[in-house]
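Engineer: coords please:
(one chain, ligands or ions: 1)
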Amino acid sequence: MELLVAKFGGSSLANAQQFRKVEAIIRADARRRFVVPSAPGKRTSDDIKVTDLLYACCNRASGGDFPTEEFELIKKRYREIIDELGLSVSLESEFDVIEEHLRTAPDADYIASRGEYLNGILLADLLGYTFVDAAEVIFFDQRGRYDDVRTNKVLSARLKTLENAVIPGFYGSDYKGRVKTFSRGGSDITGSIVARAADADLYENFTDVSGFLMADPRIVENPKVIRTITYHELRELSYMGATVLHEDAIFPVRQSGIPINIKNTNDPAAPGTMIVPAAPADEGSVITGVAGHKGFSFITIEKEMMNNELGFGRRVLQVLEDNGISFEHLPSSIDTMSVVVSEQSLAGKKQILLDELCAAVTPDHINLEDGFALIAVVGRGMKSKHGTASRIFDALAKNEINIHLIDQGSSEMNIIVGVKDSDFEQALRVIYHAFL
Ligand code: ASP
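Structural biologist: Presented below is the predicted three-dimensional model:
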């Protein structure tokens, strides 16, 4: 029989009602044998996520002040879920252990991880599944990086002995056995790790949207859901700001070619988005999605005969590296080279950077300008179709939007345009509508 790993995000487990939905989803398909929960998320838009409350507890406790109110709120949330679901399990002794940590050794990773840990205990009890503490099966190495080899060995051996299990997301343990978390949103990574170790046929990632949208719904009205996207396209779109899945969640499943299905807990019948290793281009649309964000700076360096000057590019990039600035794009022509960097990375470093660049390459002219936005138009269908770029440029021209940068990735899977920040939203809309 096939095997599925199902991960549920915080809003999918925010209260008893949401737990019931999750239970119904799991019971509807016996292939859903391994389940990865997040901590309880927001119940309403002005609610506070349990993880945020836990970090707040830790902050206060580190300052020597016991976080009575925050800790009470956390306990209340779990107690409510237990009562409303009529569970027989009690978390009171677990609360005592956490309190003890807060009083004696408030470690942020340990405290933050308790959101998932406690939720995992509740979900396991509700489903009648075995609870597996992630600290026993997910590991980080001496440098604090995720230890893929050790984890895969221990976790797959453990899962083989179990018919079904709940493994809390977001954390594991370091080489000394201390609890360590992934970065925020890291339960997505745990789901992917479990899917790989279980050799799952599919990794289902349940959230509160019916999949990945072709554009940001705050900018484009009612964007279409992407039905199929490749890992590579997803990375391009995520890098540009489209967020549904943690960026690092792709890696473990990608290694074994396991597809990910983004699904909606509140509408489980909707097909959602399939993230796959490779796929034929979508017949319906040339582009898969469009995403972008503001806050880029362009450094433009001009020098006659630049193309003949050996090591010019290297010297420019060396200056950036020496100042701890990574570049995003590097469009160039015969006598000009532009470097696109995030405005944030330049904070407090502009003058020194310009001085060092002048010293390194003695340009005829150098200019640094803030206030640009980049938009990536992504689609595996572009490679085999002509006219994609012209559709983008035509749409922008018709709407009197000036393009300041054009960059087509060599994979021919994306075209990036740079516009002024003030044109960003409109540019994104007109590009989307040029294709749909
Ligand atoms: N609860 C953690 C967070 O809020 C991890 C997760 O939900 O994936 O970041």
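Engineer: make it CA atoms for all contacts and neighbour counts henceforth
Structural biologist: OK.
Engineer: and the residue of the stretch 251-400 of the chain found nearest the ligand, helix, strand or coil?
Structural biologist: Here the stretch 251-400 of the chain gets closest to the ligand at one residue, I262, 14.2 Å apart by C-alpha to the nearest ligand atom. What DSSP: H, G, I helix; E, B strand; the rest coil gives for I262 is strand.
Engineer: average model confidence for the biggest helix by length in the chain?
Structural biologist: In the chain, with assignment by DSSP state H, the single longest helix is helix 108-127. Helix 108-127 comes out with an average pLDDT of 98.
Engineer: show me where the stretch 301-436 of the chain has strands.
Structural biologist: According to DSSP state E, counting those that start in this stretch, the stretch 301-436 of the chain carries its strands in the segments 336-342, 365-378, 405-408, 414-420.
Engineer: for the stretch 101-250 of the chain, same thing?
Structural biologist: All strands of the stretch 101-250 of the chain, identified by DSSP E, counting those that start in this stretch, fall at 130-131, 165-166, 171-173, 179-181, 202-207, 228-230.
Engineer: And those strands: which comes nearest E321?
Structural biologist: strand 179-181 (29.0 Å; C-alpha to C-alpha).
Engineer: Counting by contacts, list what that closest one packs against.
Structural biologist: helix 108-127, strand 171-173 (3 or more C-alpha pairs under 8 Å, 6 or more residues apart in numbering; DSSP states H and E).
Engineer: Put the alpha carbons of the longest one into PDB.
Structural biologist: When you say that, I think you mean helix 108-127. Written as PDB, here are the backbone C-alpha positions of helix 108-127 (Å, rounded to 0.1, in the frame of the first residue of the first chain):
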ATOM      1  CA  ALA A 108      14.900  29.700  23.400                       C
ATOM      2  CA  ASP A 109      15.100  26.600  21.200                       C
ATOM      3  CA  TYR A 110      13.900  24.300  23.900                       C
ATOM      4  CA  ILE A 111      11.100  26.600  25.000                       C
ATOM      5  CA  ALA A 112       9.900  27.400  21.400                       C
ATOM      6  CA  SER A 113       9.900  23.700  20.400                       C
ATOM      7  CA  ARG A 114       7.300  22.900  23.200                       C
ATOM      8  CA  GLY A 115       4.500  24.300  21.000                       C
ATOM      9  CA  GLU A 116       4.900  21.400  18.500                       C
ATOM     10  CA  TYR A 117       5.800  18.900  21.200                       C
ATOM     11  CA  LEU A 118       2.600  19.500  23.200                       C
ATOM     12  CA  ASN A 119       0.500  19.600  20.100                       C
ATOM     13  CA  GLY A 120       2.000  16.300  19.000                       C
ATOM     14  CA  ILE A 121       1.000  14.600  22.200                       C
ATOM     15  CA  LEU A 122      -2.600  15.800  21.800                       C
ATOM     16  CA  LEU A 123      -2.900  14.800  18.200                       C
ATOM     17  CA  ALA A 124      -1.400  11.400  18.800                       C
ATOM     18  CA  ASP A 125      -3.900  10.900  21.600                       C
ATOM     19  CA  LEU A 126      -6.800  12.000  19.400                       C
ATOM     20  CA  LEU A 127      -5.800   9.700  16.500                       C
END
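Engineer: hmm, who's touching it?
Structural biologist: 19, 23, 36-40, 50-52, 54-55, 58-59, 78, 82, 85, 87, 89, 91, 98, 101-102, 130-131, 133, 165-171, 178-181 (C-alpha atoms under 8 Å, 6 or more residues apart in numbering).
Engineer: how about low-confidence regions in the chain?
Structural biologist: Where the chain drops to pLDDT under 70, the residues are 242, 283.
Engineer: Get me the contact residues on it for the ligand.
Structural biologist: Proximity of the chain to the ligand, by C-alpha under 6 Å from any ligand atom, involves residues G9, G10, S38, A39, T51, F170, R184, G185, G186, S187, D188.
Engineer: just checking, the third one touches Y171?
Structural biologist: No - the criterion here is C-alpha atoms under 8 Å, and S38 misses it with Y171 at 10.3 Å.
Engineer: what do the two both touch?
Structural biologist: Shared contacts of S38 and Y171, counting by C-alpha under 8 Å, 6+ apart, come down to S187.
Engineer: tell me which element the closest residue to I193 other than its chain neighbours is part of?
Structural biologist: Sequence neighbours aside, P252 is the residue nearest to I193 in space, at 5.5 Å (criterion: C-alpha to C-alpha, 6 or more residues apart in numbering). Using DSSP states H and E, P252 sits in helix 250-256.
Engineer: helices or strands next to that helix in the packing?
Structural biologist: helix 187-197.
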